[in-house]
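Enquirer: Let's see this in three dimensions:
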Amino acid sequence: MTEPMPQPKLWGGRFAAEPAAEMDRLNRSLPVDRRLWREDVAGSRAWAQALGAAGVLTAAEVAALLTGLDAVAQRLGGWSEAEWAAAPDEDIHSLVERLLREEAGAVAGKLHTGRSRNDQVATDARLWARAAAARLDALLAGLQAALAEQAEQHVETVMPAYTHLQRAQPVSAAHWLLSHAWPLARDRERLADACRRLDVLPLGSGAVAGCPFLVDRTLLQETLGFRAVSQNSIDATADRDWAAELLFVMAMVGVHLSRLGEDLVLFSSAEFGFVRLSERFSTGSSLMPQKRNPDALELARGKAGRLLGGLTAVLTLLKGLPSGYNKDLQEDKEALFDAFDTLEALLPAVAGAVRTLEIDAARCAAAVDAAMLATDLADFLVRLGTPFREAHEQVGKLVRASETLGCPLDRLPAEVFARVSPHFAGVEVDSLFDTRSALEARRSVGGTAPAAVRKQLAALLRPDP
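Expert: Numbering: from 1, shown residues only. Next up, the predicted model:
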């Protein structure tokens, strides 16, 4: 390794004075973008090879740069927090170039030929986000699998479904669980779609006008594994649509986790008692020894606001920018990193809570009362020729009568049923209040009948064609 050499700022020649300390502190992004070091090294390796293929660098210079970049990667890979904190560099690009100069000598100054930090950071961020999105997809798949595993065990378990947080109709517990799995499937589709637009190479766009050297951008694309090459250099260095899209996907994931968390917080309470959460995914109270708190799920609700905030911040950031790169865009990475970090911490905990929870089938079944079969009474009348609106009104009178008499709907006297509709005359009323029959009747695609739920499970788990 050569002796350390002085490294001027990447833009210092134009200025006679050093930045004020206050300006340096504001402008410095290394504490945030330091995590892009692997991508910066990878992009720099590809750029050195492209410059060599274009005849801008000799083979010996390319070899020296590649060897130097390998050494830089090895050094950074072993850095401690103290070394990162002590680095004086403005950003990750400045740091990599300084270390490269220490490793490879003056030839390091040739690496930036035809390249701007504008297209460099755009490339680094896309490379990082592409890998992060793959990790996120795997975590979403893990939570889907946890919901499906629980659903497989509870196809026959009956529980109330709710609208307006009022008991509505009986469903299988599997049907309820899968109602939270399908939004995750759409999240994964949205993520894949956003990744297609993310996977476009900006490197070779220069600062704003393109590269003046005949660099083969297709070679760069293939080297770095991008799907396509950007077609407009002004757009390429300023495009953060892809970041906003990813933030939207992650905010939507946050919303879906929040809704799942809310259900499980409610259903695990003593008032509902449908679900018991594992001690491993619960916490206690500092004051009340009896408490078991569903903190993982409450944090799922809380962190949704954080994810929504990141999306709002970046959309607000982008909305007023003139064309081309602006320093405002430095702010995109903190929101992006934070959103991925949040979900990488949250999703495994929520998946663990789901995978280890226990559903109390008896408590669920006990919460299904006769009034929840009112729609089935109306359907009975419809099958005998009564228009649905009339059937709805007639059953509504039965419900009102049960409330007036203070007895369950299925315990109303037979003459009350007969008075409301002649179709009830002579019918064994108890036979109309069969929860299992109510479930079985809803066997069309998407329904809660056990057979339909098993098909739903198979559709959810079926690999893409």
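
Enquirer: biggest helix in this structure by residues?
Expert: For the chain, the longest helix by residue count, based on DSSP state H, is helix 117-153.

Enquirer: Keeping just the C-alphas, turn the next helix-or-strand element following that helix into CSV.
Expert: Scanning forward in sequence from helix 117-153, with DSSP states H and E defining helices and strands, the next element found is strand 158-163. Presented in CSV, the C-alpha positions along strand 158-163 are these (Å, rounded to 0.1, in the frame of the first residue of the first chain):
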residue,chain,number,x,y,z
VAL,A,158,-66.0,-20.8,13.0
MET,A,159,-65.8,-17.3,14.2
PRO,A,160,-67.7,-14.0,13.8
ALA,A,161,-66.8,-11.7,11.0
TYR,A,162,-67.2,-8.0,11.6
THR,A,163,-68.4,-4.9,9.8
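
Enquirer: Could you pull out the buried residues of strand 158-163?
Expert: Val158, Met159, Pro160, Ala161 (16 or more other CB atoms under 10 Å). In this view, the C-beta of every residue, glycine as well, is placed from N, C-alpha and C.

Enquirer: Columns pLDDT on top of the residues you listed, output as TSV?
Expert: Compiled in TSV, the buried residues of strand 158-163 are given as follows (pLDDT from 0 to 100):
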residue	pLDDT
Val158	98
Met159	98
Pro160	98
Ala161	97
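
Enquirer: Can you tell me which of those residues is nearest Pro294?
Expert: For the buried residues of strand 158-163, the closest approach to Pro294 (CB to CB) belongs to Met159, at 18.2 Å.

Enquirer: And Arg419, which helix or strand is it part of?
Expert: Going by DSSP H and E, Arg419 is part of helix 414-420.

Enquirer: Between all of the buried residues of strand 158-163, which two are separated the most?
Expert: Checked with CB to CB, these reach their widest spread between Val158 and Ala161, with 10.2 Å between them.

Enquirer: Quick check: neighbours shared by those two?
Expert: Counting by CB atoms under 8 Å, 6 or more residues apart in numbering, the contacts common to Val158 and Ala161 are Pro170, Val171.

Enquirer: before we move on, the earlier item: same for the helix holding Arg419, what does it pack against?
Expert: The helices and strands touching helix 414-420, judged by 3 or more CB pairs under 8 Å, 6 or more residues apart in numbering; DSSP states H and E, are helix 388-405.

Enquirer: Dump the helix it packs on to PDB, restricted to CA.
Expert: Taking C-alpha atoms only, helix 388-405 is exported to PDB below (Å, rounded to 0.1, in the frame of the first residue of the first chain):
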ATOM      1  CA  PHE A 388     -85.000 -10.100  -1.300                       C
ATOM      2  CA  ARG A 389     -86.200  -6.600  -0.200                       C
ATOM      3  CA  GLU A 390     -89.300  -8.000   1.300                       C
ATOM      4  CA  ALA A 391     -87.400 -10.900   2.900                       C
ATOM      5  CA  HIS A 392     -85.000  -8.300   4.400                       C
ATOM      6  CA  GLU A 393     -87.800  -6.300   5.900                       C
ATOM      7  CA  GLN A 394     -89.600  -9.500   7.300                       C
ATOM      8  CA  VAL A 395     -86.400 -10.700   9.000                       C
ATOM      9  CA  GLY A 396     -85.800  -7.200  10.300                       C
ATOM     10  CA  LYS A 397     -89.200  -7.500  12.100                       C
ATOM     11  CA  LEU A 398     -88.100 -10.800  13.600                       C
ATOM     12  CA  VAL A 399     -84.900  -9.200  14.900                       C
ATOM     13  CA  ARG A 400     -86.900  -6.300  16.400                       C
ATOM     14  CA  ALA A 401     -89.300  -8.800  18.000                       C
ATOM     15  CA  SER A 402     -86.400 -10.700  19.600                       C
ATOM     16  CA  GLU A 403     -85.000  -7.400  21.000                       C
ATOM     17  CA  THR A 404     -88.400  -6.400  22.300                       C
ATOM     18  CA  LEU A 405     -89.000  -9.800  24.000                       C
END
